[in-house]
Structures are given as structure tokens and as C-alpha cells.
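Trainee: sequence below, structure please.
(2 chains)
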Amino acid sequence: MDPNNRLSGNELRNSIPNQTAFSHFNTQHPQKWEDPSLIDYSTRIEPPFQGFNQVKISQDGLGNEMRSTYKIQDWDPSAMLNNLSFLEQKIHQLQELVHLIVGRRMQVLGRPDEFVTQQQQLLNADLTSIIVQLISTAGSLLPSVKSTLPAAPPSVGQFGQLGGAVFPLPGLNGGVQLQNTNGSKVPDQPNQSDISANCVTEQNLNIEEHDLKEEEDADEGENLPPGTYEILQPEKEEILAPHTHFCTICGKGFKRDANLRMHMRGHGDEYKTPAALAKPHKEPSSEPTLIKRYSCPYSGCKRNKDHKKFQPLKTILCVKNHYKRTHCDKSYTCSRCNTKRFSVIADLKTHEKHCGKDKWLCSCGTTFSRKDKLFGHITLFQGHTPAISVEESKALVGPSDQKEGNQGTNKAGSMNFNFPPNATSDSGIQSIMDVKGNTDDPAGIFSPLNFDNFGGFGEFPRPPFDDSESSFAFLLSGSYNYSQKNEADDNSNNLA
Amino acid sequence: MKRQKRECSEPSNPFDVLSEEIIFLVLDLLEQNPLDKKAFSLVCKSIYATESKHRKTLRPLRQEFLPAILSRYPYVSHLDLTLCARVSDASLSSISNACPSNLRSIDFSQSRLLSSSGLLGLAVNCKNLVEINLSNGTELKDSAMAAIAEARNLEKLWLARCKSITDMGVGCVAVGCKKLKLLSLKWCLGVGDLGVGLVAVKCKEIRCLDLSYLPITNKCLPSILNLQYLEDLVLEGCFGIDDDSLGGLKHRCKSLKSLDMSSCQNISHSGLSSLISGTEGLQQLTLAYGSPVTAAFADGLKKLSMLQSIKLDGSLITCDGLKSIADWCISLRELSLSKCPGVTDEGLSSVLTKRRDLRKLDITCCRKITDASIAYIANLCNSLTSLKMESCTLISREAFVLIGQQCHSLEELDLTDNEIDDEGLKSISRCSKLSTLKLGICLNITDEGLIHVGRTCSKLKELDLYRSVGITDLGILEVARGCRDLEMINVAYCKEITDASLLLLSKCSHLRTFESRGCPLISSFGLTAIAVGCKQLTKLDIKKCHNIDDNGMLQLAHFSQNLRQINLSYSSVTDVGLLSLASISCLQNITILHLKGLTPNGLAAALLACRGLTKVKLQSAFKWSLPQPIFEHLEARGCIFQWRDKVLQAELDPKCWKLKLEDTEVE
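Mentor: Residues are numbered from 1 along each chain as shown, chains lettered A, B, ... in the order given. Predicted coordinates for the structure are as follows:
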């Protein structure tokens, strides 16, 4: 083992005591060790990374304990002290290195060039790694950590450049481990320079995926270097528990601590003091140790810390929403449309605000509030087609020409004209009415009785026009050589 | 025994010897007149049966007979329902039930409303259907489009004036009918970028796309221009497309052959040149009523060496613009400059000197050009086949002699409202290929000139003598003798025309359109002759022929079974005559204003009896004298009423009429 590598391993181990405050939770929850994925994980990992692994496990323990304690532990002075001592250590290491470099410079003469450059590259890598660690730890000391996080991607870029070297880069190796969080891949790689390249590409991939998917909790672009934040993983039961704040006296549960405090007033005057009602630990100076990030307890989920491309969630609320949306049944159904279902009640409420306005419907059942979104969707998916709303098609079927025509006919038929051929054209209309009367009534069609009523069934296809034509025959007969046409003639005459 | 039987049967039916092929050949030759075909098919059973196999196109007059007709003609491939005012659900279902396997094309273009369930049945059952025309379906909704989308093999779809359909409906069609090659969305005002864009994305096979008057913008253009096979693109009146959007276009549609961007007010030469810069194969360009045509504009046409036809009607055009067009468009065959202000002798001559191969030229209402231009046309463009020069007021009567001397290839000549006289007409009669000659409002011509035309232009099919008051029976006599192929003649307001002309014209058996407005000497006698002789008469205008009465109508009703349209205003026809017209089964369009002998009852009877009516022009007085339900009933049958409230006007003297026209122009 390269001494430098060991060194970084040591560093990691050194950082473990930082978390000692929580380490006892491990013993309280020994079942955590039996998690198969974790065991599998630790067996695959080489010894130097054991420490790192432990760090995470202790954090798991912490997550379990969170239910009762995490609210109070906003600021941890001991952690800060630990960070400071870590910094101190690092600065010493840095000093030593610089001394070494100065010493080397003296001995450069007389050595083969190749060896010198190798040595220097090695030192450079060490330097970079230490400085990065310094910056990131120092950054976590700042009061408003979230906004002033150390710029991790640039430093990774640096790593990438360094990765061009032929030599193994132990310091960098540690960095890679941290970046990936899941180190299982790295030890398999014989050529370490490859790893750094890998690391860079993976980083890019992650960013790209973010851009594409627009994950729900919108922590895109946040690339916290691991180790600069602690990972908390609430239990499934905790996530699904309707209330997280319980009254110690009566046991009533609340969603918000503030509401619990208001509730406590009822239990006695001692809870009515401004101090008791005030939000605990409000002092601005009291800055907690590391920023907290959350992991989803569902193994295999991208939001689970064991995932290869783990992406932490920002707040406990994010975890809750994420878990419910992704891993739970959608039990809330919209009462308006009865189709859309949600697992988070807030989502249902948001939907109900717009429900009914989503009039742009695809054949796959997806609705859109905007027409262009629907058409974008249809453009993308083969076979999907705009769905015409049911109301419209119903409305269309209603006033079909047939009905309208016959309504008009009925009315016209009910009148009495005074013109000479009145009787004939009237009877023509009447015949339509008869037919209509029967077709309108579906039962009538099947009833044999009704057939008797209009014996003119055979004449059904003959339009009233024919009747009226024959009625004009008297006008034309004789003098104009007008002859009645037979049936066949009629048919062919109707073709132009 | 068998032989004996044969011997016995043979003399009984000599037509059995004719093979199917021979009967088919005979039927092919009878294609001209449908009535002849019917008569032939009634000769004997075998010919009747053969005829049913021969017919490929059906145009039923009454949808009630559809089931019978479809079973009689199982090999029909094109079904034209334009004569059925309203295609009912029952008809649609009888088509989809019978569904002749050869049926490829259906035309519903006169039906305003078809039920979507009926269309669905059609689309699902008739798998071989490749063409549907639903134009004028103003009441068709998106659900009808969803039904059409089920016709997966559809290649041509016309949806012009389907105003109620939206992007959603067109989207359905785009997704369903992937094989579409032609799509017309003209006047579909509810369709925008999204629908058109989706069509362009989903229907990759499209060749012809008509997007006239759609509220589309630049957004859908890239995907349209990406269509690999697009040849014919019509963007007429698309006001939403502008220069800014065209400037940034990267797509070039290489396959484009014809582009119409008429009335696109927001497009100047820069936008156009960026649109057509990559389309080297462009053959037709129509830019009517567009931005001014300048030299810069014409320079945009530089690389279009294949361009054969340019139409710039109604656009302001400069002399330089015309010169550039002459320089760049080396293949130019057709140039249309109708109503272009700014066309001068200089500009026109530059085109004519360089592009001598010009076949068609339209200089209608180019009022600045003079005899000089006509001299160029006559001397340089000898291969001209079509010349339209209505109302070129500066051209003197001598110039027309030149045209007749040089342009012998002319087939179409429009000289409406010009100074041409008998000398000119005599010269023009040398153009023996003439098939269309328009001499309306040519007040200087008389029978003397027309006699020459009648003697030499034997191929004449259309002759317009509207208000050419110098024409009498003598001229018409010669035309009727010489031009036996005549299909259309207009002698409106030639007051000297009598029944004698009509008797002669009745020998032109191909006559389809006869217009004799304001000829007071024509009587029912003449009309009877036309009715008997011209069996194919489809359009008749006898407005203000006071001497035509019920007798004429009765004869017309009996003989002119192809009549579709008639104008009877101001004639002496009464209830009886009008009622008799009901026996013309394909009568669709009647105009009956100021008929003194018409009573409300007679009108009601006639309207109810004429089953095929689609349009009736009536005096608004009748609106109140007849019960409303009659109109409701007729409208339900598919008839549209146009109410007119015109006061009776005394006819003006023709010369005075022209003077009056000029007065108003000056104003």
C-alpha cells in the first residue's frame, strides 16, 4: 500500500470520532448491521475504505434516532471542535509536504528527469487533495453553509487534469471514493488514472441526467463533495407516520413542532412562557456541524445512499414526499375526475385546483392543461392520438340530419296547403312521417302489429318526389307526350 | 337438343354474340353523354349486365337509391355524392355495408354535416378507400375527424372550409392517416401551428399541402419544410408568417415544385428569398396580391432555373422588377400580371424580348400598356396559346389585327371590354385553334366580324358575347353552323337575337351553358328547340326574357334532364311552369325573382317537389307569405335560401350603360 493512500484512509478514520456523539446508536439498533446490502457492500470493499463505510453506518444509526433528537441537534459544538482539529491536522500535513518539496528542490540536481517529474506529480496530487479537504471542511464551518459550499465541480475538474498522469494518484483516489460515495467500483480498476477520468465522466453524466429528468426536489447542480455533509436516512415507518411530534403528556400527535408547542400551553402555565413557546435554538451564531442531506430508505432507489449515483434529498419533507410519491400506493383519488390518483395529499390539492381545466386529453389517458404540451407529447409517442372529449361527440350525434329533416317534415306535413296538387305532395310527406314514426320507436320495428299500420313498406325507398311527379302527370299528360317511368328507369335516371 | 336450343335462342337475341370487350369499347365511346349510355344498357339483359361491370364512376342524384345502385354497380371506384344535398346516416351505412371492394374515392364536398358515427363506419369498413373529399363540411366537428383517422390507408383528404374542426381533429387525422399524400386545410380557421406541425411530423409522405388562410405562424414551418417529398405548398393568405420568422429558417425543401404565397402581406422579398433559396426545382410560383415586385425581389429568383410559371396578379410591379424576371427566369412559360399597377410597355417589352417561348400571358386590366406592347407580343411571342387582355383601354382597334396576323397558336383569347372592331375580329379568325373567345362588351363588333369567326374557328367551345350589342341572328347563324363543338355561349343583352338563333344553336349538341339574359325577342318556341336539341344543357339563364312562359318550361322539364341550374327572374313563367321543373331530377339551383305569375302556393308546391334543390334565390316577400315550417323542412333537406329585396329596375341602353360605368370609374 502506498503510504499516501494509507494516509487518506487514516484521515477518514480520524473523521469517525467526529461522529462519536451518534455512534452509540449503532448498538441500539444492531439490526442495521444485518442489512444484506450493507454486508455485501462491506465485503466488497477493501480494508482502507472500511472506515469510510463505518462513517455511513453510524449515520444510519443517526437517522434512526432522528425521530426524537434531530430537531434539537441543529448546532453541535463538539462536531465543530472536531472539524477544527481536523483542519489543524491537515495544515500540519500540508506544511510537511511543502517542506518536502523544498527539500526535493535542493536534491533535484543529478537525478534523472523522469523520476523528478514523477515525484513532483505525486506531490502535486497530494497537495491538491489536502487543500481540497481543507477548503471543504473550512467551508462547513461557515454560518450559512448551504449557499457558500466549496465549489466541488471545479476541483473535480482539476482532478481530471491530474488524472492524465501515468502514476497512481492515491490522494485523488480518496477523492474519487468520496465523490462516488459507493466505492465498490474503484478497487477493481487496475489503472488509477482511468478512475479519475471515470470520475469526471460520471460527474457529467449525473449532471446531464439531472437536467433531463428535473427531479422533484430540485437539487440539481448541487454537488456536495461527500464528507461535507452527513447523510440521514429516516425509517420507512417514520416517513409514513402521520405525525412526527407527540405530546409527552397526552400523546397527541402533531405534524409541526410549532403546533405541538401551542398545544402544550393547555397542559400548564409552565408551557406558556415566551421561552417555551419560542422556537428552540434560534440563535444565529449556533451553526451546526455538517449540512444534513437525506437518503431514502428504499434500497435500490436512486435517492438511497447505497445507490451508485446517489443523489441526496435536501430536507426531511423532501424524503417524505419522495418516498410517498415513488414507493407508496396512490391512495388519494381526485373526487372530480375520479381518475387521477396521488400519494401525497398536497399533490391532490394542487391537482384539484386545476382539475377540469386539463381539457387536453391524449388517447393514452394523460391530460394536459396546455394544448402545446399535449401536442408535444403526441409528437414524441408513436400511436398516441388526441382524444376528442365525449361531450363533443355526443353533441354531434344528437342533431343528426335525419332527425332534423324529419322534424321539418313533420311540421310541413301537419299543414294544409291550398294549391291544386295539394293532396299528392301532402301524402308524400305523410309517407315519410309514417316511416319515421316507426323507425323512431325501436320496439315498433320488431312489433308485427305496426307493420300492418303502414302497408306502404315496399314504397319506403321511394321518395315523395315520385309521388308528386306522378301527380304532375295530369298537367303533362297527353299534350306533352309525357310518360310514366318504370322502376328500373328511375334508378338509372338517378345517375348523372 | 342443345344445338337446337342454341339455334332457337340465337335469333331471339343477336346481341349475345357481342363479347364483353366489344361492349366495353362501345360504352367507352358513349362516355360523353350519360343518357346515351343508359339507353344502350337497356338494349338487352346481357348488355345491361355488362354495363354494370363497366361503370367506374357513380354520381347519384338521390341518396335514397344508394343501396340499389351500389348493388347494381359493384365495380365502381369513385362515388360522387355532390348532388345529394345532405348525406344521411342511412346512406353512409349503406355505403359502408355494401362497400364495393374497388371503391377508392368518395366525394362528400357538398354535404355540410355528416355524422361522425356514419363516417366511422365508412372508415372502418372501406379499407380500400384512399380519397375522401369533405370540403364545405362547415358543421363537421373534431369527432368526425377522429372517425376519419380510422381510414388508415387514406392518401388524399380535402377538408376545405371545415371551419369547426380544430388542432385536435387534425391531430387525430395526422396520427391515424400516416399515408396521406395530399391534405387540404384551406379555410379551416380552427387549425393552427400545433395541428399543422403534427401533420408535418407524422405524415412523412405528404406531397401536396394546402394551408390557405390558416392562422399559422413560423412555428410550424420548419417541420413542413422538413417534409421530404413535399411538392406543392399553398400558403395563400397566411398572415401570421412574416419576414422575421422566415429569415432564420435553416430548412430547405428541395423537393418543392409549386409554391403559392398569395396575399401574404407580411412577406417581402427577403423572406421569400430565404424560403426559396434552396428549392432549385421550383416550377410554379404564385405571389398574387403580395408585396411590391422590385428588382431586389426578382433577384431572389436568380437560382430558380426551372421556374416556368409566375403569377403576380394584383401586386405592384416596377419596370426593374419585370426586367429582372426576364433576366433570371430562363424557363418562363407562363406570366400572369393581371391587375398589376405599374406594368408599362417598357417593362413588358423587356420580358417579351427575352422570353419568346412564353405560352400564357395575362395582362388583364393593365391599363398603362399601349399598342407598342401588343406589337411586341405579336412579333416575338408566336407560340402564345393564351392571351388574356380584358380592359386594356389604351390599346387601339388596329392593334388587334396584329394579334390575328402573328399569334396563330392561340387557343384562349379574352378581349372583353376592348376597342376591337370587325377588322380585328376578321384577323383574329385566322387563329384556327381558338377554343375560348371572349368578346363581352366589345361595342365595335358586328355580325360581319363574327361571321369570319364562325367560318374558320371550328374548334370554338366557348363564346362570350355579353352586351356586344352589334350582334344579331346573322352572326350567331354562322357560329352555330361552323362551331358544332360549342359548349358555352353567352348572348346576354344582345337584344336583336331572336328564336332563329336558338333554332340554329340547337344543332350544337354539346351545348351545356346557354345564357340569354335580356333578350326580349326570345320565346318559348326557341327555348323548346334548345331543350330538344341540346340534351346536355346544364346551365340556363333566361332572366328578363319576357316572352318565355310556361310552355317553354314544360318542354324543358321533359327534355333537359341534365339541367342543374336555371335563372327565371323577370320571365313570364307561372306556378305551372315552375312546378313542371320538378321532373328534372338533377335541378339544384334556381333563381326566381320578380315572377309576376308566381303565387305562394305554387312556389311552395314547386319547392317541395324539387327534391334535389340546394340553392334557391327568392324575393324576401315570400319569406313572410309562406309558413315557416316549409323553409325549415327544405333547409333540413339541404337547401339554402338566399333572400333578395331588389326593386324592379328599368333596363338601361347599352351605350349609356357603358358610359355610366366609365363615369363611376372616373369618380
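
Trainee: is it true that B:G518 touches B:I542?
Mentor: No. Taking contacts as C-beta atoms under 8 Å, B:G518 lies outside contact range of B:I542: 9.7 Å. All C-beta atoms are positioned from the backbone trio N, CA, C, and that covers glycine.

Trainee: more neighbours: these two, which one.
Mentor: Neighbour totals were compared for B:G518 and B:I542, and B:I542 leads with 29 against 22 (other C-beta atoms under 10 Å in any protein chain shown).

Trainee: for the more buried one, what are its contacts?
Mentor: Shown in contact with B:I542 (C-beta atoms under 8 Å, 6 or more residues apart in numbering or on different chains): B:516-517, B:522, B:527, B:548, B:552, B:566-568, B:571.

Trainee: repeat that with 7 Å
Mentor: With C-beta atoms under 7 Å, 6 or more residues apart in numbering or on different chains as the criterion, the residues that contact B:I542 are B:516, B:527, B:548, B:567-568, B:571.

Trainee: how about it: what's its closest non-neighbour residue?
Mentor: Counting by C-beta to C-beta, 6 or more residues apart in numbering or on different chains, B:I542 lies nearest to B:I548, which is 5.3 Å off, once chain neighbours are set aside.

Trainee: ditto for B:S291
Mentor: B:S268 (4.7 Å).

Trainee: pretty sure that neighbour contacts B:D243?
Mentor: Yes. Taking C-beta atoms under 7 Å as the contact criterion, B:S268 and B:D243 are neighbours in contact, 5.6 Å apart.

Trainee: straight-line length of stretch A:248-262, end to end?
Mentor: According to C-alpha to C-alpha, to the nearest Å, stretch A:248-262 extends 13 Å from its N-terminal end residue to its C-terminal end residue.

Trainee: for burial, what's the neighbour tally of B:T599?
Mentor: By the criterion of other C-beta under 10 Å, B:T599 has 15 neighbours.

Trainee: isn't it right up against B:T574?
Mentor: No. In terms of C-beta under 7 Å, B:T599 does not count as a neighbour of B:T574; the distance is 8.1 Å.

Trainee: how about residue 378, what does it touch?
Mentor: Assuming you mean chain A. Contacts of A:I378 (C-beta under 7 Å, 6+ apart): A:362, A:384-386, B:171, B:175, B:198.

Trainee: to clarify, I was referring to chain B.
Mentor: With C-beta under 7 Å, 6+ apart as the criterion, the residues that contact B:A378 are B:402-403, B:405-407.

Trainee: so who does A:I345 touch?
Mentor: A:I345 makes contact with A:Y332 under the criterion C-beta under 7 Å, 6+ apart.

Trainee: follow-up on the earlier one: restricted to strands, list the contacts of B:I542.
Mentor: Mapping the contacts of B:I542 onto strands (DSSP state E) picks out B:N567.

Trainee: give the buried subset of the contacts of B:I542 as a ChimeraX selection command.
Mentor: To isolate the buried subset of these in ChimeraX, counting by 16 or more other C-beta atoms under 10 Å in any protein chain shown, use the following:
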select /B:516,527,548,567,568,571
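
Trainee: looking at the contacts of B:I542, spot the one nearest chain A.
Mentor: Taking C-beta to the nearest C-beta as the measure, B:L527 is the one of the contacts of B:I542 closest to chain A, at 14.3 Å.

Trainee: what's the closest non-adjacent residue to the closest one?
Mentor: Of all residues not flanking B:L527 in the chain, B:G552 sits nearest, at 4.0 Å (C-beta to C-beta, 6+ apart).

Trainee: wait, is that neighbour part of a strand?
Mentor: No. Assigned with DSSP: H, G, I helix; E, B strand; the rest coil, B:G552 falls outside any strand and is helix.

Trainee: that older thread, and the residue nearest to B:I542, how far from B:D28?
Mentor: Taking C-beta to C-beta, to the nearest Å as the measure, B:I548 falls 38 Å from B:D28.

Trainee: check B:G137 too.
Mentor: If you measure B:G137 against B:D28 using C-beta to C-beta, the figure is 34 Å.

Trainee: can you give me the helices in the stretch 251-400 of chain B?
Mentor: Using DSSP state H, counting those that start in this stretch, the helices of the stretch 251-400 of chain B run over residues B:269-276, B:295-299, B:319-328, B:345-354, B:371-380, B:399-406.

Trainee: can you lay out those as JSON lines showing mean pLDDT and distance to B:D447?
Mentor: Rendered in JSON lines, the data for the helices of the stretch 251-400 of chain B read as follows (pLDDT from 0 to 100; distance: least, C-beta to C-beta, whole Å):
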{"stretch": "helix B:269-276", "mean pLDDT": "84", "distance to B:D447": "50"}
{"stretch": "helix B:295-299", "mean pLDDT": "83", "distance to B:D447": "46"}
{"stretch": "helix B:319-328", "mean pLDDT": "90", "distance to B:D447": "40"}
{"stretch": "helix B:345-354", "mean pLDDT": "92", "distance to B:D447": "34"}
{"stretch": "helix B:371-380", "mean pLDDT": "92", "distance to B:D447": "25"}
{"stretch": "helix B:399-406", "mean pLDDT": "92", "distance to B:D447": "17"}
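
Trainee: need these in CSV with distance to B:R481, can you?
Mentor: Putting these into CSV (distance: least, C-beta to C-beta, whole Å) gives the following:
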stretch, distance to B:R481
helix B:269-276, 51
helix B:295-299, 49
helix B:319-328, 43
helix B:345-354, 37
helix B:371-380, 29
helix B:399-406, 21
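
Trainee: for chain B, what helix or strand is lowest in average pLDDT?
Mentor: Counting by mean pLDDT, DSSP states H and E, chain B has its least confident helix or strand at helix B:2-12, which shows a mean of 49.

Trainee: and after it, which helix or strand comes next?
Mentor: Toward the C-terminus, helix B:2-12 is succeeded by helix B:20-29 as the next helix or strand (DSSP states H and E).

Trainee: next, the buried residues of the helix or strand that that next one is followed by.
Mentor: Using DSSP H and E, the next helix or strand after helix B:20-29 towards the C-terminus is helix B:34-41. By neighbour count, with 16+ other C-beta under 10 Å as the criterion, the buried positions of helix B:34-41 are B:34-35, B:37-38, B:40-41.

Trainee: and stretch A:300-308, average pLDDT?
Mentor: Summarised as a single mean, pLDDT over stretch A:300-308 is 86.

Trainee: kindly report the same for stretch B:28-35.
Mentor: Taken as a whole, stretch B:28-35 has a mean pLDDT of 79.

Trainee: and it, anywhere near chain A?
Mentor: Yes. Figure legend: stretch B:28-35 in contact with chain A (C-beta under 7 Å from any C-beta of the partner chain); contacting residues B:P34.

Trainee: how about the CA coordinates for that stretch, as CSV?
Mentor: The C-alpha atoms that make up stretch B:28-35 are tabulated as CSV, following Å, rounded to 0.1, in the frame of the first residue of the first chain:
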residue,chain,number,x,y,z
ASP,B,28,-66.2,3.9,-73.7
LEU,B,29,-67.3,5.8,-76.7
LEU,B,30,-70.6,6.7,-75.1
GLU,B,31,-68.8,8.3,-72.1
GLN,B,32,-69.8,11.7,-73.4
ASN,B,33,-73.5,11.5,-72.7
PRO,B,34,-74.8,9.6,-69.7
LEU,B,35,-78.2,9.3,-71.2
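
Trainee: chain center to it: distance?
Mentor: Averaging C-alpha positions (C-alpha atoms, centre = their mean, to the nearest Å) puts stretch B:28-35 21 Å from its chain's average.
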